[in-house]
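A.B. asks: Next one to model:
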Amino acid sequence: MPSSPYMCRPKAILQAILQGRGEAPVASHYTYSLFRRYSVSASPPNEPLPSASNGSLPFTLQATIVLARAPLLTASPKKFESEYYAYQARLHRALSQPFPADFYFKKGSLLERRFNAEERAREQVTFGDGFGISTKLDDIPSDEEALRLQPRETDADKTNNVRDLNRQGERTLYLLVKSSKASGTWEFPTWEAGTTQPLHTSVQEALTASLGPNMNIWMIGRQPIDVLDTDARKTFFFKARILGGKPEIHSNSFEDFAWLAKEEVQDHVNPAYWTHIDSLLPRV
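C.D. replies: Numbering: from 1, shown residues only. Okay, the predicted model is just below:
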């Protein structure tokens, strides 16, 4: 079969078609994909291609960033999980060989008495009172201050400060912004995109310009994870993680922002928007 310079190259084919029609090519990779949908898949054979003169599109092209903060803490075990782990701990201690303390610790030393005290505490937790090696604990230095754990509930949880990234440590949080328009709707940060650069670059620049440069952002990929397709607007969703910092509103388009868990996002956005983004957000 003779080879063709345009074989398996839809972008080059579209370039040639546009130049043959006397129209300017479009730079964005995602715009090529949109034109390919119109020219190859969606349009009837006799329907003309959408105009690409001066990089214009027959619809509004938008980019949305789904900015998430990963969980900071492991999830609290459920009742069944706690009982399972306790049973496994009892089983392990009952079947395991005794620890040779006399081999590792000098008889009567502080380290031996400290180990015996800790072992007794572990035996009591596992099997209850009456188990464990008896030892005098009065002269053993306490490690209570060094071993004290921080509470899982932070000040942001107590005050319900939705602007603080330290809230809801066990959950994934998502950045939502409130529009400054009269509708005052909550949604993911969204901006109109041009046709002169890739969308993943455009959304990063818009994020920095609108919510400040004080956020360390990692874009998970260059490809969108979803698209909200209507007759007048096409919105591409890009996924990102925040590694540090905090947003600061530098745009008149946004009035407020919040870090919300999935069920809180549902309470803030309108039902039609939630129906579309529900599958994009994990339950954790």
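A.B. asks: and residue 178, which of the three is it?
C.D. replies: Under DSSP: H, G, I helix; E, B strand; the rest coil, the three-state class of residue 178 is strand.
A.B. asks: ok now do it, which residues does it touch?
C.D. replies: 184, 185, 186, 254, 255, 256, 257, 258 (Cβ atoms under 8 Å, 6 or more residues apart in numbering). Where C-beta positions appear, they are placed from N, C-alpha and C, glycine not excepted.
A.B. asks: Can you list the strands that the longest strand along the chain pairs with?
C.D. replies: Once the chain is assigned using DSSP state E, the strand that runs over the most residues is strand 233-245. For strand 233-245, sheet partners with direction are given as strand 60-69 (parallel), strand 215-219 (antiparallel), strand 226-229 (antiparallel), following DSSP bridges.
A.B. asks: which one of these lies closest to residue 244?
C.D. replies: strand 215-219 (4.3 Å; Cβ to Cβ).
A.B. asks: Strands of the stretch 51-200 of the chain, residue ranges please.
C.D. replies: Shown for the stretch 51-200 of the chain, the strands assigned by DSSP state E, counting those that start in this stretch span residues 60-69, 173-179, 186-187, 190-192.
A.B. asks: I figured residue 59 was touching residue 228, is that so?
C.D. replies: No - if you go by Cβ atoms under 8 Å, residue 59 and residue 228 don't touch, sitting 11.7 Å apart.
A.B. asks: Quick check: neighbours shared by the two?
C.D. replies: The contact sets of residue 59 and residue 228 overlap at residue 234 (Cβ under 8 Å, 6+ apart).
A.B. asks: Low-confidence ranges, the chain, go.
C.D. replies: Within the chain, the segments meeting pLDDT under 70 span 1-56, 129-147.
A.B. asks: domain assignment for it?
C.D. replies: Structural domains of the chain, as assigned by automatic domain parsing, span the residue ranges 10-55, 60-73+159-280, 79-147.
A.B. asks: I'd like to know which of these is closest to residue 153.
C.D. replies: The minimum distance between residue 153 and those falls on domain 60-73+159-280, with 8.4 Å, by Cβ to Cβ.
A.B. asks: Please name the nearest non-neighbouring residue to residue 203.
C.D. replies: Taking Cβ to Cβ, 6 or more residues apart in numbering, and ignoring the residues beside it in sequence, residue 203 has residue 63 as its nearest neighbour in space, at 4.1 Å.
A.B. asks: Perfect, I'm done here.
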